[in-house]
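Undergrad: next one to model:
(one chain, ligands or ions: 2)
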Amino acid sequence: ICLESVELRVLHLPLVSPFTTSFGTEHVREVIVARAVTADGEGWGEIVTSEAPLYSSEYTHSAWDVARRWLIPALLAKRTFAPEEVPTILEPFKGHRMVKAGLELSILDAALRTEGRSFGEYIGAERELVPSGVSVGIQRDPQALVDAVAGYLDEGYVRIKIKIKPGRDIADTAAVREAFGTIPFQVDANSAYTLADVETLAQLDQFDLLLVEQPLQEDDIVDHATLARQLKTPVCLDESIVSHKAAMDALALGAASIINIKAGRVGGYLEAVKIHDLCRSAGIPVWCGGMLETGIGRAANAALAALPGFELPGDISASDRFYTRDIVTEPVVLEGGHVRVPTGHGLGVHIDHAALEDFTVAREVVTA
Ligand SMILES: CC(=O)N[C@@H](Cc1ccc2ccccc2c1)C(=O)O
Ligand SMILES: [Mg+2]
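TA: Numbering: from 1, shown residues only. Ligands and ions are numbered 1, 2, ... in the order given. Prediction:
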């Protein structure tokens, strides 16, 4: 492609209901979208940072600054390149993986739209529909959680994941298991525990969970291995798996037996496919995590989740799980508990420009 400019927008999308995790409560999703303009067309990507660095060290203003000051200028200086070269062009700059992922996606989308090729076909999607799981935030109390889960099961979600934190873990998990029997069910701690909490975490073993996600800190790879040896429930890592190399180390050390793959966290969809391939050859099941994406990232995640190694339902929920209005004209909907993989050119979605304008709180076009 021949890159001419990249437009950045910060969007504020109101959430349909507050989303509480072990690191806080969100009412509005602050996200950045990137529009790559090439000599032959345009493409869209999503930078999945949040306003505050609570999930990872990246946040809106760090992303905005590193994109406009370093990463986009490096791509513009190169000017003509293949999308597969984006990781190499951006490699000299440390970290900022969510930014790299969003820029890479916008360039992949532009190239594939020009080529008339679908993103799914490009990355090796093998299915037309992928099973849809849902991530349920911490509610007022266990009964309110049971009510929320009942609603999602009625909508057809095939797997339930609930957020937990110290003090809101065993009773909540017991209430869901008690109310709904043997449904596919897992929990996500978002790093809220330490090795000192092993007795509490071991109590989760009674609930026959699919996995316990990221109980410890991002850099606790060895400690996750120590913890995993003391639990029956499989340990799944999310925040810790920041690259293919990190996945290799986590598997080598026995820190995880399941991996949640998120293209934003690992620096892009090309790296995500590499991690998929590694896990597939190692017999490690993976699933596609979510970052409350707009229809742009949601379309890309649906395609990624259609690769053969994605054996467990992911967090690609319908758009209306989080938003009443999306910025694409084809919001993701559930079809029998499944999400359809787009087949159009590029990401296969079209921007709803009125919605994009309504949600835009900041905008800048970066040119050479
Ligand atoms: C669907 C899900 O649980 N995602 C993340 C947590 C997360 C990620 C990004 C967020 C951005 C704004 C508000 C809350 C957010 C929660 C996870 O799997 O750990
Ligand atoms: Mg998680």
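
Undergrad: the longest strand anywhere in the chain close to ligand 2?
TA: As assigned by DSSP state E, the longest strand anywhere in the chain is strand 3-21. No: using C-beta under 5 Å from the ion, strand 3-21 stays clear of ligand 2, with a minimum separation of 8.3 Å. (Each C-beta comes from the backbone N, C-alpha and C, glycine too.)

Undergrad: what lines up beside that strand in the sheet?
TA: strand 24-38 (antiparallel), strand 360-367 (antiparallel) (DSSP bridges).

Undergrad: to Leu307, which of the ones you listed lies closest?
TA: strand 24-38 (23.7 Å; C-beta to C-beta).

Undergrad: tell me the strands beside the next helix or strand after the closest one, with direction?
TA: Going down the chain from strand 24-38, the next helix or strand is strand 41-47, by DSSP states H and E. Partners of strand 41-47 in the sheet, by DSSP bridges, are strand 24-38 (antiparallel).

Undergrad: got the residues of the stretch 101-250 of the chain near ligand 1?
TA: 135, 188, 190, 238 (C-beta under 6 Å from any ligand atom).

Undergrad: closest to ligand 1 among those?
TA: Ser135 (3.6 Å; C-beta to the nearest ligand atom).

Undergrad: which residues are in contact with the closest one?
TA: 161-163, 188, 290, 315, 317 (C-beta atoms under 8 Å, 6 or more residues apart in numbering).

Undergrad: what is the nearest of these to ligand 2?
TA: Set against ligand 2, the nearest of the contacts of Ser135 by C-beta to the ion is Asp188 (4.4 Å).

Undergrad: wait, the closest one touches Lys163, no?
TA: Yes: here Asp188 reaches Lys163: they are 5.5 Å apart, a contact under C-beta atoms under 8 Å.

Undergrad: overlap in contacts of these two?
TA: 21, 135.

Undergrad: and Thr20, how far from Ile47?
TA: Using C-beta to C-beta, to the nearest Å, Thr20 is found at 23 Å from Ile47.

Undergrad: tell me which of those two has more neighbours.
TA: Ile47 (27 against 17; other C-beta atoms under 10 Å).

Undergrad: in the sheet, who's paired with that one?
TA: For Ile47, the beta-bridge partners are Ile32 (DSSP bridges).

Undergrad: tell me how far the ends of stretch 12-30 are from each other?
TA: End-to-end distance for stretch 12-30, by C-alpha to C-alpha, to the nearest Å: 5 Å.

Undergrad: identify, from the residues of the stretch 101-250 of the chain next to ligand 1, the entry nearest to Ile351.
TA: Using C-beta to C-beta, Ser135 comes nearest to Ile351 of those, at 25.5 Å.

Undergrad: quick check on the closest one: phi, psi?
TA: phi -100, psi 120 (degrees, to the nearest 10).

Undergrad: tell me the confidence at it?
TA: On the pLDDT scale, Ser135 is placed at 98.

Undergrad: related to what we said a few turns ago, okay if I get the contacts of Ser135 as CSV plus pLDDT?
TA: Shown next, in CSV, are the contacts of Ser135 (pLDDT from 0 to 100):
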residue, pLDDT
Lys161, 99
Ile162, 99
Lys163, 99
Asp188, 99
Gly290, 98
Asp315, 98
Ser317, 98
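
Undergrad: tell me which of those is nearest to Ala250?
TA: Using C-beta to C-beta, the contacts of Ser135 come closest to Ala250 at Asp188, 16.7 Å.

Undergrad: the closest residue to the closest one other than its chain neighbours - how many residues pack around it?
TA: Leaving aside its chain neighbours, Asp188 sits nearest to Glu213 (3.9 Å; criterion: C-beta to C-beta, 6 or more residues apart in numbering). Counted with other C-beta under 10 Å, the burial measure for Glu213 works out to 27 neighbours.

Undergrad: for Glu213, give the beta-bridge partners.
TA: Glu213 has the following beta-bridge partners by DSSP bridges: Asp188, Cys236.

Undergrad: most tightly packed of the strands paired with strand 3-21?
TA: Across the strands paired with strand 3-21, averaging neighbours per residue (mean count of other C-beta atoms under 10 Å) puts strand 24-38 on top, at a mean of 19.

Undergrad: return the distance of that one from the chain's centre.
TA: Mean C-alpha position of strand 24-38 versus that of the full chain (C-alpha atoms, centre = their mean, to the nearest Å) differs by 13 Å.

Undergrad: helices of the stretch 251-368 of the chain, start to end?
TA: Using DSSP state H, counting those that start in this stretch, the helices found in the stretch 251-368 of the chain span residues 263-266, 269-281, 295-304, 353-359.

Undergrad: to ligand 2, which of those helices lies closest?
TA: helix 263-266 (9.3 Å).

Undergrad: who does that closest one touch, helix- and strand-wise?
TA: helix 97-115, helix 269-281, helix 295-304 (3 or more C-beta pairs under 8 Å, 6 or more residues apart in numbering; DSSP states H and E).

Undergrad: still on that earlier bit, contact partners for the residue nearest to Asp188?
TA: 161, 186-190, 236-238, 260.

Undergrad: which single one of the residues you listed is nearest to Arg69?
TA: Proximity of the contacts of Glu213 to Arg69 (C-beta to C-beta) peaks at Asp238, which lies at 28.8 Å.

Undergrad: what about the closest one, how many residues nearby?
TA: There are 21 residues near Asp238, going by other C-beta under 10 Å.

Undergrad: report the separation between it and Gly283.
TA: 20 Å.

Undergrad: same question, Asp277
TA: 13 Å.
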